[in-house]
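Novice: The sequence isn't on hand, but the structure is:
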Ligand SMILES: [Ca+2]
Ligand SMILES: [Ca+2]
């Protein structure tokens, strides 16, 4: 027997199905069940984040927004963590750094991460 497999370009888990023998005539069924497994051959999507430059201002606080993009098609949800680290701007200076926020996105979605 031949089973048709539909190809796609989505990153996804392996998928399986069952084949079962039945309605036997003049014989008996021994092991009459089999599993077909379709393993995925597509690359996992990637996350990218763009650098941001913003004027400081003279008083109060402002928000700096970093855009994280998920690149590539996927048949499943993905998530990524982010962390900030001191550079020449540190937590002792006007920029208060923050980390540990998890965001989740599905294929093609854009997520804006706000660092306060
Ligand atoms: Ca494929
Ligand atoms: Ca696939």
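Specialist: Right, received. Where do you want to start? No experiment lies behind these values; they were computed from the predicted model shown. Ligands and ions are numbered 1, 2, ... in the order given.
Novice: What residues are bridge-paired with the residue sitting nearest the centre point of the chain?
Specialist: In the chain, the residue lying closest to the centroid (CA atoms, centre = their mean) is residue 78, at 2.5 Å. Judged by DSSP bridges, the bridge partners of residue 78 are residue 105.
Novice: Residue numbers of this structure in contact with ligand 1?
Specialist: By CB under 5 Å from the ion, the residues of the chain that approach ligand 1 are 41-42. Heads up, the C-betas are built off the backbone N, CA and C, glycines and all.
Novice: redo that, cut-off 6 Å
Specialist: Residues of the chain found near ligand 1 (CB under 6 Å from the ion) are 7-9, 41-42.
Novice: Which members of those occur in helices, if any?
Specialist: Within the residues of the chain next to ligand 1, no residue falls in helices by DSSP state H.
Novice: Who wins on neighbours among the residues you listed?
Specialist: residue 42 (15 neighbours; other CB atoms under 10 Å).
Novice: ok now do it, which residues does it touch?
Specialist: By CB atoms under 8 Å, 6 or more residues apart in numbering, the residues touching residue 42 are 8-12, 73.
Novice: Dump these to CSV, plus pLDDT and distance to residue 67.
Specialist: Converted to CSV, those look like this (pLDDT from 0 to 100; distance: CB to CB, whole Å):
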residue, pLDDT, distance to residue 67
8, 92, 28
9, 90, 24
10, 90, 23
11, 90, 22
12, 91, 26
73, 79, 19
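Novice: Now narrow the residues of the chain next to ligand 1 to whatever sits close to ligand 2.
Specialist: Among these, proximity to ligand 2 is found for 8, 42 (CB under 6 Å from the ion).
Novice: So which of the residues of the chain next to ligand 1 belong to strands?
Specialist: Among these, no member is found in strands (DSSP state E).
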